[in-house]
Structures are given as C-alpha cells and as structure tokens.
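Q: Provided below for reference: sequence and predicted model.
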There are 2 protein chains.
Amino acid sequence: MSTNENTPENAANMSTETPRPEARKPRGFQDKRAHLIAAERHLVDKVTQVYAQWGFEGLDTGPFEYVDALGKFLPDTDRPNEGVFALEDDDDQWMALRYDHTAPLARFVAENWNNIPKPFRRYSAGPVYRNEKPGPFRFREFIQCDADAVGAAGPAADAEMIAIASEAMQACGAQVGDYAIRVNTRQLLDGVMQAADVKDPNKRLIVLRALDKMDRLGAEGVSELLGGGRKDESGDFTEGAGLNSASIETLLQFAQAGRDTRSETLNALAAIANQNAVGTQGLEDLSAIHDILNGLGVTDQMATFDPAIVRGLEYYTGPVFEAELLKEFKDEKGRLMRFGSVGGGGRYDDLIARFTGELVPATGFSVGISRLAAVLAAEDEGEQKADGPVVVLALQREHMADYCSIAAQLRAIGVKAEVYLGTSGMKAQMKYANRRNAPAVVIVGNQERESGKVTVKDLVAGAKAAADITDNAEWREARPGQFEATREDFAAKIKAVVEANNA
Amino acid sequence: MSTNENTPENAANMSTETPRPEARKPRGFQDKRAHLIAAERHLVDKVTQVYAQWGFEGLDTGPFEYVDALGKFLPDTDRPNEGVFALEDDDDQWMALRYDHTAPLARFVAENWNNIPKPFRRYSAGPVYRNEKPGPFRFREFIQCDADAVGAAGPAADAEMIAIASEAMQACGAQVGDYAIRVNTRQLLDGVMQAADVKDPNKRLIVLRALDKMDRLGAEGVSELLGGGRKDESGDFTEGAGLNSASIETLLQFAQAGRDTRSETLNALAAIANQNAVGTQGLEDLSAIHDILNGLGVTDQMATFDPAIVRGLEYYTGPVFEAELLKEFKDEKGRLMRFGSVGGGGRYDDLIARFTGELVPATGFSVGISRLAAVLAAEDEGEQKADGPVVVLALQREHMADYCSIAAQLRAIGVKAEVYLGTSGMKAQMKYANRRNAPAVVIVGNQERESGKVTVKDLVAGAKAAADITDNAEWREARPGQFEATREDFAAKIKAVVEANNA
C-alpha cells in the first residue's frame, strides 16, 4: 500500500473535528447487485426487442423536464403535480425528474414536430421517479419500458398495442394462460355514465374510482360506493356518489358484463352500452379492435374485454388496457401472492395538444420492469452458481507480478480471472474465492515455485465431493478436485473445468 | 380515431384559460436518438465485459445519495460541495444526484462492510450528474463506467487498474498507438514539493494546478504560474505561487522528466525525486507498477509515466492515471480536433474512512462513455443504413385488419415490420418509409386484392437503380426493385431482401 503524508492527518482531523456522516442509503431507493441488474437488463432487452420488431425506435429523453412541461397528468392517479422530485435550476426554472416516459415524449414530439417521421413510433427504457412514500416492493425509482405511436389514429393502432403487450408478456417469460391483457374504452365508461345520468365531474370521478374497485370489493362494495357510502374493515368511511338505485343497477350491470371471450363480452355489452352515441362509439371501437386482434392471432386467452378496467382518469381518451400476471408466487413469508398489474396503456389524444393546441392521436403501452425483475431475481436466488472469476491466490506478496501474469494468461483465453488483492492469509483467501462463486483457485507457493508447477483447486468438484463424503479425515486426505498442472497447460485445464460447470 | 366528449372541452379550456407551456428540453441535457443510444450501449457493453473478465461484479447504487454522505470530494476539481443537483426530501434530509460512482461506492461499502467479500471488486455503469454550466459536448448528465477494488492495497492493484484502462480503450475500438495511459503518483508530487520547499496548503494547490497545465501552456507558462503570475491571451491575470527561481527550476525539471519509455522516465526521475522519503516511496511504487505492467504485457506504447499528470487534488492518495485518446477527428466545422482525456483513476485510501474512521485502501478507473459515444455516433452518421422496419402501406383503411396480419407474418419470421398508422396518402406513406430507413414496403391496393397478390418495393435496390439511371422516364417505366409476390411467399422473399442488405 502506498503511504501518504497527509492521510493520517486527515483521518485524525476527521475523527476530532468533523462528525462522521452515517453511511445510509436514501429511503425508497435500491442498491442493485449483479443478480438484479442482470434480471432487469434481461427483461428490458426482451421487451425492447419486441418493440423494435414492431417498428419502434429507441429514444431516451433523459432525467429532467421543466415542471410546466410535465403538466398535471400523472398516469394512474388523479393528483395534480404531486409525487415528483423537483428542484430549481440556477436560472430559476423548476425542473423535475420524469415520473414516466410519456410526458417527456409529448414534450419531445411538440419540440421536434417538423423533424420526425410521422407517425412517430418510439420505445423508451429507463428509470422513472416518483416522490411517494416508500414501502416493501414500492421503490421511488423503477424501470419502465414503453412503446408509443404518436400520430396514430384508429382502433388498429390500439389493437397493435394490445398485441404488443401480449407479446411483451411472453417475451418476459410468461406462458399463455399466465397473464391477461384486459381491455376497455373511455367511451363505454362515458356512455354508461350518461345512461346512469351521472353528469357532475366530481361524481364522475367517484363513480370511476368505485368501478375500478370491482376486482377488490365485489358488486356489493362497489354498490355502496355508488350509493350512500362504505365503511371498510378498519372503520374508515368513504363517501358514496349518492346515486339512486336505478343508476347503480345500470352501472353494476355494465361493470359485470365481462365474459370469458371477447365476442361474448361484446354481446353482453351490446344490450347495455348502446343507449347513446358515445356508448355506441365505444362498442364499435372494441369491435374493430376485436377483428384486428383476431387477424394478429391474439386469442381470448391473451386479451379479454373487461368493462371494469378504468385507469388514468384524466389521462386516457379512448381504449385503455392493463397487463396482469395471473401466476402466483410465494413471498418471503411463504404466502401465496398474486403478482397483479405489471403494465398498461391506452389512447391519449390530448397530451401533445397541451403544447401545440392541436389534438394529435397517440396510443402507448408501458411495462413495469422493476417489479417483474425483483421477483425473477428472488425466484433465482436459491441456486448458487460458480459463475465468478477464477481467483489466483496471493501467498507470496513479493511474487505479485507473477500472480498477475498467471491471471492474465487465463483472461487471454477467455476465462474470468483475478488476483487476490487483500492482505489476509490463505484461509481468508479461500473464503474470499467461495464468496465470489469462483469455479477454481490457482495456488503457487514455495513448493510449486520450486517444481515449476501450479496447483489448481476445482471448487465445484471439491464442494460436491465434500457433500458426498462424511468422513472429514478421509476428505482432507483425498483433496478432491485438486490437481497439479504445468505453467504451460494450467490455463487450458482450468478453462475445461469452467466450461464443464457451465454446460 | 376514437372520439371523446371531454376532449374538445379540454382543448378549448387549455387554449383560453391556461397558457400553453413551451416545449423545451432542460438546458444541458440530451434527447438521445436510437443511433446514440446504440453507440453508448455498445461502449458500455465492451467496457463492462473487460471489467467482468478481470473479476469485477456489477453494482448500481441508484441516483441519489444524502448530501452529507457525498462529502466534499468532487473528483478532478477542488470545489467543496459544488456542482450537484440537490433537493430536500419530505423528511427534511437533503439528497443529491450522484456526481460520480465512487462516492456512492464508499457509502455502500461502509454500509455493507460485514456482508461483502473483501477485497470488494465492483463495476458500475450509468449516468452521473453535474450541475455545471452546459456547453458544446459538455452535458450535465453523462455515462461513466467504473471499476474499483476496495480493500486492495499495494502497487499490484494499481498496475492492474492501468492494464484494465488500456484494455478498456482497446475494447472501445482504439488501436495501440491511438491512446495512452499516463501514470504518476501523489508521492512523487509531494516529494518534489517538499524538495522545492512548498509547504503552505494554498501554495501547494496553486503549484499542482500549474503543473497540470504543462500540456497546454508549456514550460514557460507554467514557470510564470509558479512565479509571479501569468496574463493569458484575453488579458486575464492569474496570480502565481510566488516561488523563487530555484524552486521553480526543481519543479519544472520534475514535470519535464517524462520520456518515451517507462524505464527512461524512471531513470530521469531517479536523479530528481530521490531527495526525501516520500519521493523515494513514489519512485518505488512506480517501479513496482512497471514490473507488474511488464508481466501483464502492457507495453510502453500503452502506458507511460508522466510526472505532469496531477488529477483530483484532494481526492487521490497514491498512483493516479489518465486515459487519453490521441486519435484526431474532424468536428462539425471540419476542424481537426484531438479527443483528449476520456478516463482516469487512481488510488483513494481516504474515502471509506470518512464513514468508518478506518483507512481502507482502494483504487479505481473510470471511462467517460458519453463523449466517446457522441463522437462515434457522429462519425457513423454519414452512412445511411436501411435498418428500419418493413412498412406495410395502409391504402384502404377498411382493410386495416389485413394489413396488420401481413405485418404479423413478417414479424413471425423475424423481419421487423409495421403498418403505416397515419392518415395520409400513398406519397406521404412512401416518404415515411424512406425516413424510417425501411428496406422495403408492402403494397396491397385494389389491384393486388383482386389478384390475390402483394406488391413489394425493395427500397435499397430502387434507390440504387435511381442513382444509376439518369433518364427519369425510363426509370419510372422500369420500376426497379419492385416485384409481385403471392400471399404465401412474400414474407420469405422480403426476408431475403433484408438479409441481402445486411450481408
């Protein structure tokens, strides 16, 4: 180790003058280790490959937008301008970290309208930030992977998005039957609210929020929320929309019209939703989407129509859809959990108009990579793989140049390898190799140096033999997995060991 | 396009009540298009593969650190706590976006000391943020790709880092001779300042900053900065260190001791730097590094010793090094430019001690990916590739389901394909296909629908023929690159066209 005259002084200053900061991660953010990085990367690659295959092109708009450009739209919520990480730039303009990929896309399209091909099909993969209360599996940074088509009108564009959502789920490893894309449209919701005589904007919000809870509360709970209000298990009371029983009946019948197949749902809805122009428009759109999904080979098992899907109250203007993983998994306490929603999207024709005043039709889909990856990584963590580097032990520090060139010989033939760079003895070095999941270690001590050989310990074979043999003394005698090699052939022999492990 | 009752109202509200925000990108940040994303990704992959090969493991510490944990160290500068993007969290704690990968690493290691293998070898690739004045090629977000070994003492660890830096440059596409890793140590600098009797901390800073400018100002300019001060071309005066001529001579001799080979430089330094214990230590360290570099096959052309390299004044505690691209390139105005420094690193034994009070030896290297990628992408932009999706024209909107399934047939055999989703006519659709770099378009109009065929335009062959043929009328007649295909064989034929283009 190099010495430095200033260093001890600095250290002394630190301990007496300045209080030492506590080493702590900011709340709600993750330190991602190799396993999780690889899982997220894998999913991002798979999903963006699907997007690219459908003609979408990468765009990364970066972390910040001006706050006025982000606007009041937060998808999946109806809170204006909440939940962002904002700061003031040195020219007194407020910027915020992007909370999704869509708002920056709208800004980009408006800013570059004359220089981009239209329709503009772009995908985006990267972190987004929400300034929300952190919790288990609720992070304030997470990766989203979006595809959007701007300037794309009509149900074909929406149907494509639904097909892409289904393909993306499969690309992430979900089998047909493990997931569902649930589709609805704002027009059907508007039509049924008109039929139920719900006009007041605040009441409309209460009704939409109530319908959105059909999944969780069932018809009875939703009925209470549409009527006089509902007291939940904790005793908290939620005010209702105060509708009369005829209106409640209309809305419930609508929300429960979902059937196993899209045709059956369309039939069930035909009897309910055809009462006004906007409802009829909604039905026609769903029907056109159905035809195109059939042409694209998207079956009823992949995508269904569900009138109780609401999503982004102030955000979407046409078809909306949600991607749900049906697969169950065990949480850390062994409880069987359902994964739930992992993505969604829909048509948002208003977003560019915020900047330009002109309505530009647009539709998109977004997958939440981080939650998916966290579970994949957790499922995977059980199996320990010897996929680390070969560790060359450093037993005689005066021979570091030799150890370094041994490792270089391994790397030269494509084997990950490193020299132990700490100052501890052999036992700690072996422990280190195990913690790094090393497939093998290379030992050159006095004896090997005299004989011109190297000793190789195959740690996988050694661990296996140790598990098989109960007699400790016998095991020590046998030294399973250990072999000698020459300076000429050790690298090739170790490469064979590594390749056998990976096979 | 779906209609929505609320939409026109909203649009009207926007134009009368709320002023429309201007669509503008925050200053100093980039919108990255596909080309640049791919260039950055390629470099990150190449560099992290080198790091992984040397036994480093991925870690992503995320965007934020608490401000007290970031500390006063900004590498390459000596400004305390400046240049970060900071904001106050809702629990009144100040967080800042990371300005490098090293400060978060120090926090991570201190926080997880008992649960990580030691030495801890990690790499990190991702954006860092500097709140600085933006300029051409100076962005406030850029990608760095770092490898660090924490708990790694001694010159072998530093020599490895230098070898890794050299390999990383080659992995990025630089040939031997196109780059140089320049190496120095803090001990040599401390030694020569002791020999020149520079003791005052402020004077030390002025001297180090002056030596750092040897490259740009030459011996004369540096001499002025070490003495009475220097007036630059614009007339600005920089105060000097006020040293006497003997001290200036000592320092200049030292800073000019760099030679073509490491051995020669060591010899030149031996005559100058051996005047005190710390200088001798520096010489011994460089000499040990030299031996190990030789063992690792790092030649004089790859890594040299340069006493005028300074770097991170308050940051590094031992060997330091800088990776410089020597290759020249032309900027947008055709001027021949030198790329300059693209990375650097060194030993920093103090960083963990900030948290724990214990000195932990550490050394690392960082490549600036964004600048490298920007130039690669610019060099590349000249050649237009037909690497976009095949575009299925949408000439009869009542047949969208058919167009969608034509595109699906192409994707099913691995060909990127999309349906035109806009509302414009054939000419605009062809223009769109060209802007998307489509290799081909598929046309099904009335005629094709009657004959049960599809028309394919091979845009690459068409463009080539157009360039060869001067007679416009003749060209129109011949329709080069255009062919008919059946519903059964069109996909395979288009795949052959795409593969021929890529070959």
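A: Looks like it arrived, so ask away.

Q: residues from the stretch 251-400 of chain A in reach of chain B?
A: Applying C-beta under 8 Å from any C-beta of the partner chain, we find that the stretch 251-400 of chain A lies next to chain B at A:278, A:281-282, A:285, A:291-292, A:294-297, A:317-319, A:347, A:349-350, A:353-357, A:359, A:361, A:388-389, A:391, A:394, A:397, A:400. (C-beta placed from N, C-alpha, C; glycine too.)

Q: Now intersect the residues you listed with the strands, please.
A: Mapping these onto strands (DSSP state E) picks out A:319, A:347, A:391.

Q: Please export the C-alpha coordinates of stretch A:214-234 as CSV.
A: Presented in CSV, the C-alpha positions along stretch A:214-234 are these (Å, rounded to 0.1, in the frame of the first residue of the first chain):
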residue,chain,number,x,y,z
MET,A,214,-64.9,-4.1,-8.6
ASP,A,215,-62.0,-6.6,-8.6
ARG,A,216,-61.3,-6.0,-4.9
LEU,A,217,-64.6,-5.1,-3.3
GLY,A,218,-67.1,-7.0,-5.5
ALA,A,219,-70.5,-5.8,-6.6
GLU,A,220,-71.7,-5.2,-3.0
GLY,A,221,-68.9,-2.9,-2.0
VAL,A,222,-69.0,-1.0,-5.3
SER,A,223,-72.8,-0.6,-4.9
GLU,A,224,-72.2,1.0,-1.5
LEU,A,225,-69.6,3.4,-3.0
LEU,A,226,-72.0,4.3,-5.8
GLY,A,227,-74.8,4.9,-3.3
GLY,A,228,-74.6,6.1,0.3
GLY,A,229,-71.0,5.3,1.0
ARG,A,230,-69.0,2.5,2.5
LYS,A,231,-67.3,1.7,5.8
ASP,A,232,-64.3,-0.5,5.4
GLU,A,233,-62.9,-3.1,7.9
SER,A,234,-60.8,-0.6,9.7
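
Q: Show the average pLDDT along it.
A: Here stretch A:214-234 scores 92 as its mean pLDDT.

Q: Whichever residue of the stretch 51-200 of chain A sits closest to chain B - nearest residue in space that isn't next to it in sequence?
A: Nearest to chain B in the stretch 51-200 of chain A, going by C-beta to the nearest C-beta, is A:Gly55, at a distance of 2.9 Å. In this structure, A:Gly55 finds its nearest non-sequential neighbour in B:Glu418, 2.9 Å apart by C-beta to C-beta, 6 or more residues apart in numbering or on different chains.

Q: Just give me the neighbour total for the closest residue to A:Gly414 other than its chain neighbours.
A: Among residues not flanking A:Gly414 along the chain, A:Lys495 sits closest, at 7.2 Å (C-beta to C-beta, 6+ apart). Each residue near A:Lys495 was counted by other C-beta atoms under 10 Å in any protein chain shown, and the total is 16.

Q: hang on, A:Lys495 in a helix?
A: Yes - with DSSP: H, G, I helix; E, B strand; the rest coil as the criterion, A:Lys495 is located in a helix.

Q: wait, doesn't it sit right on A:Lys416?
A: No - the pair A:Lys495 and A:Lys416 fails to qualify as a contact (C-beta atoms under 8 Å) at a distance of 10.7 Å.

Q: Quick check: neighbours shared by these two?
A: A:Leu410 (C-beta atoms under 8 Å, 6 or more residues apart in numbering or on different chains).

Q: The most centrally placed residue in chain A: what's it in contact with?
A: Chain A has A:Ile369 as the residue nearest its centroid, 1.3 Å off, counting by C-alpha atoms, centre = their mean. Contacts for A:Ile369 (C-beta under 8 Å, 6+ apart) come out as A:40, A:43-44, A:47, A:125, A:142-145.

Q: for A:Met169, same thing?
A: Going by C-beta under 8 Å, 6+ apart, the list of residues near A:Met169 reads A:178-179, A:181, A:323, A:325, A:342-343.

Q: The same query, at a cut-off of 7 Å, please.
A: Shown in contact with A:Met169 (C-beta atoms under 7 Å, 6 or more residues apart in numbering or on different chains): A:179, A:323.

Q: In terms of helices and strands, where is it?
A: helix A:155-171 (DSSP states H and E).

Q: Can you name the element that comes right after the lowest-mean-pLDDT helix or strand in chain A?
A: Within chain A, no helix or strand scores below helix A:6-16, which has a mean of 39 by mean pLDDT, DSSP states H and E. Following helix A:6-16 in sequence order, the next helix or strand is strand A:32-33 (DSSP H and E).

Q: could you say what helices and strands that following strand packs with?
A: Taking 3 or more C-beta pairs under 7 Å, 6 or more residues apart in numbering or on different chains; DSSP states H and E as the contact definition, strand A:32-33 has no neighbouring helices or strands.

Q: thinking again about what came up before, now the residue nearest to A:Gly55: which helix or strand?
A: strand B:417-419.

Q: how close does the residue lying farthest from the centre of chain A sit to chain B?
A: Using C-alpha atoms, centre = their mean, the residue of chain A lying farthest from its centre is A:Glu450. It sits 54.9 Å away. Between A:Glu450 and chain B the computed distance is 20 Å (C-beta to the nearest C-beta, to the nearest Å).

Q: What strand or helix carries A:Asp402?
A: Here A:Asp402 is assigned to helix A:400-412, by DSSP H and E.

Q: What lies in contact with that helix?
A: By C-beta under 7 Å, 6+ apart, helix A:400-412 touches A:390, A:392, A:394, A:417-419, A:442, A:444, A:491, A:494, B:53-54, B:156, B:159-160, B:291-292, B:295-297.

Q: What is the burial count for the residue of the stretch 51-200 of chain A closest to chain B?
A: Residues lying near A:Gly55 (other C-beta under 10 Å) number 27.

Q: for the stretch 51-200 of chain A, what spans make up the helices?
A: In the stretch 51-200 of chain A, the helices defined using DSSP state H, counting those that start in this stretch lie at A:67-70, A:102-111, A:155-171, A:186-195.

Q: what's the most buried one of the ones you listed?
A: With neighbours defined as mean count of other C-beta atoms under 10 Å in any protein chain shown, these peak in mean count at helix A:155-171, which reaches a mean of 26.

Q: Okay, now the unreliable bits of the stretch 301-450 of chain A?
A: Across the stretch 301-450 of chain A, residues meeting the criterion (pLDDT under 70) sit at A:312-313, A:331-332, A:375-384.

Q: Reformat the ones in strands among the residues of the stretch 251-400 of chain A next to chain B into TSV and put neighbour count next to each item.
A: Output for these, formatted as TSV (neighbours: other C-beta atoms under 10 Å in any protein chain shown):
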residue	neighbour count
A:Pro319	28
A:Arg347	30
A:Val391	27
